[in-house]
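Participant: model the following, please.
(3 chains)
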Amino acid sequence: MTSAAVSKPGAKRAARTVSLHWFRKGLRLHDNPALLEACEGATHVYPVFILDPHFAKPDVIGVLRYRFMLQTIKNLDDNLREIGSRLFVVKGQPAEALPRLFREWGVTKLTFESDTEPYAKVRDRHVCELAAEHQVHVQIFPSHTLHDPEAYVARLQGKDVPTVYQSFVKLFASMGPVAPVAPTVDAKRLPSPAPEYLSGRDRKKADQGNGHAGGEKIEEDRTRSDDFSVPGLSGIGYPETDAPTLYPGGERAALARMQEHLANVKYIVTFEKPKTSPNALRPSTTVLSPYLKHGALSSRLFYHSLCSTLAQHKGPHTQPPVSLVGQLLWREFFYLQGHATPNFDKMVGNPICRQIPWGKDAELLGAWEEARTGYPFIDACMTQLREEGWIHHLARHALACFLTRGDLWQSWEEGARVFEKYLLDADWSVNTGNWLWLSASAFFHQYFRVYSPVAFGAKTDKEGEYIRKYLPVLRKMPSKYIYEPWKAPKGVQETAGCVVGRDYPHPVVDHATVSKQLMGKMKAAYDANKEGGAKGEEKSGEKKRPAGEDGKGGKTKKRA
DNA sequence: AGTCAAGTTGACAAC
DNA sequence: GGTTGTCAACTTGAC
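Facilitator: Residues are numbered from 1 along each chain as shown, chains lettered A, B, ... in the order given. Predicted coordinates:
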């Protein structure tokens, strides 16, 4: 690998391997089998991240979420530079950017981690075709989940993908051991890119790290290290923000956060999700989800680490679904569903989703999204979500139930879109699955169990400290009225400096009244779905299950 | 086929 | 304060 060879791409292609590793999720150096494969026998490896304009839209992906992602790839770049390489950040459509890079670098091998989301499936299929046209060999590894979703499907041998968690746990147990954690990519393993892409400092590291790119003399003026740098928010059309970074993005922060929790053995062995608090002032759960979503933390590393902590502990420990391993299995469960279910993120055409005639009221939806429903607990949860990018799982439950079947009768698709925008951990499969769940559209059916926007939060925060923190206007409201300020006598409201209707909204709906009404609507919708499901053909003799019995692109699927 | 227990985490009243 | 049963009401999976 001389610089001459680099300047004449393809000249001796057969004799050498130039790898392009495409980072999307899997933003890490540990447990990254696709990146290891890129290293295998390569003269150069080009680590690439593509900023796809499909995602870079502030009204689709909020600024905090995008900032977290940029921090994550910045840390990835830092970590790569530590070992004599770097990240190449490219703006554009992958289908345009990649062929250009193939030609420019004489790429012979493309590696990446498989992705089960719909947009990614289409994108990757197209990229594979383009790679073939460029004689680029493609290698894809499933390392985002504990097992490859396809492996579960194969294991099921045509049976439906389980829609019940406990059934999934059995399937998981039948899969055999989770693959071990792959060795972390280091300077010895990772061939550097062509030296002209490294700054003098990084080039020196590359020379020390391995022999692949060493010994070359490149003049400073040919250094191109600024061409592919990690941009700031403004560099991709986002506004800057001065919101504090509560959860810094990146593999380094991910591993530190995991280790911090693992060190607390008591916390690990006694963890019970339902007993954690949605309105604690400090998160009562691990907040590893943003890191797992981007793959800055490997789910397999977390899983194996948990298992070894539990094994070393001689006493009893909690179990799925409530334990920490149980949380990873929920993720796994929804990833499988998202992979196997057509139109998973839609009601229409989704075979596991009950068809429910949700209303369409921009006023109500806006009140919910903008934290002005008049229910302090709901508005506080939404405010924390918007300001910090993370809220507790049960806070998500309360918000989701309120928007859909509990109070506002708005579509879960709208709610899912809002969560996708604000959550640092916005994870398409998991988020969609939870909205299906909470709206009693799939997985969960006891629609008469409704979260009270007043009582639920009060169970774990009698004084309403959480509300006072996120809704300062209610800071001086007596605890007796903090969850229901409209019930406070006028004089109390005046004294507290928060007059309902002036300083804080009236409730948009009356929960007691409306939740009862909506239960009736849910019952009617359920009955209508039982009627034979597909509108039009009503063969009363056929299955009693609603439109489309299974979530798999299986055999006897009722069209969607 | 029919029955029954279970289902990640509801609210509320009664004890 | 913790547990239990009730509330109109659900579906799934196992047997």
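
Participant: packing partners for the strand ranked longest in chain A?
Facilitator: Using DSSP state E to define each element, chain A has its longest strand at strand A:44-51. Applying 3 or more CB pairs under 8 Å, 6 or more residues apart in numbering; DSSP states H and E, one finds that strand A:44-51 contacts strand A:18-23, helix A:33-39, helix A:63-82, strand A:88-91, helix A:94-105. Where C-beta positions appear, they are placed from N, C-alpha and C, glycine not excepted.

Participant: packing partners of the third one?
Facilitator: Contacts defined by 3+ CB pairs under 8 Å, 6+ apart place helix A:63-82 against strand A:44-51, helix A:200-209, helix A:251-262, helix A:289-294, helix A:412-422.

Participant: which among these is found nearest to DNA strand C?
Facilitator: helix A:412-422 (16.8 Å; CB to the nearest atom of the strand).

Participant: which elements pack onto that closest one?
Facilitator: helix A:63-82, helix A:362-369, helix A:376-388, helix A:393-401, helix A:428-438.

Participant: okay, now residue A:512: neighbour count?
Facilitator: Neighbourhood size, residue A:512 [other CB atoms under 10 Å]: 9.

Participant: three-state assignment of the closest residue to DNA strand B within chain A?
Facilitator: Closest contact between chain A and DNA strand B, by CB to the nearest atom of the strand, is at residue A:274 (1.9 Å). Three-state call for residue A:274 (DSSP: H, G, I helix; E, B strand; the rest coil): helix.

Participant: just the pLDDT for it.
Facilitator: Looking at residue A:274, its pLDDT reads 89.

Participant: that one against residue A:322, yeah?
Facilitator: Yes - taking contacts as CB atoms under 8 Å, residue A:274 lies within contact range of residue A:322: 6.1 Å.

Participant: more crowded one of those two?
Facilitator: More crowded of residue A:274 and residue A:322, by other CB under 10 Å: residue A:322, with 15 against 8.

Participant: show the backbone phi and psi for that one.
Facilitator: phi -90, psi -20 (degrees, to the nearest 10).

Participant: contact partners for it?
Facilitator: By CB atoms under 8 Å, 6 or more residues apart in numbering, the contact list for residue A:322 reads A:271-275.

Participant: give me the pLDDT for the closest residue to residue A:302 other than its chain neighbours.
Facilitator: In space, and not counting its chain neighbours, residue A:302 is closest to residue A:258: 6.0 Å by CB to CB, 6 or more residues apart in numbering. Residue A:258 is assigned 98 on the pLDDT scale.

Participant: next one: residue A:530
Facilitator: Note on residue A:530: pLDDT of 83.

Participant: how many neighbours does it have?
Facilitator: Residue A:530 sits with 12 neighbouring residues when counted by other CB under 10 Å.

Participant: find the closest residue to DNA strand C in the stretch 151-300 of chain A.
Facilitator: Closest point on the stretch 151-300 of chain A to DNA strand C, by CB to the nearest atom of the strand, is residue A:164, at 4.4 Å.

Participant: for that residue, which non-adjacent residue is spatially closest?
Facilitator: Nearest non-adjacent residue to residue A:164, counting by CB to CB, 6+ apart: residue A:443, 7.5 Å away.

Participant: surely that neighbour is in contact with residue A:434?
Facilitator: No - judged on CB under 8 Å, residue A:443 makes no contact with residue A:434 at a distance of 9.1 Å.

Participant: quick check: the gap between the closest residue to residue A:503 other than its chain neighbours and residue A:378.
Facilitator: Nearest residue to residue A:503 in three dimensions, chain neighbours excluded: residue A:473, at 5.3 Å (CB to CB, 6+ apart). According to CB to CB, to the nearest Å, residue A:473 stands 15 Å off from residue A:378.

Participant: kindly report the same for residue A:83.
Facilitator: Residue A:83 sits 47 Å away from residue A:378 when distances are taken as CB to CB.

Participant: and the two? which has more neighbours close in?
Facilitator: residue A:378 (32 against 22).
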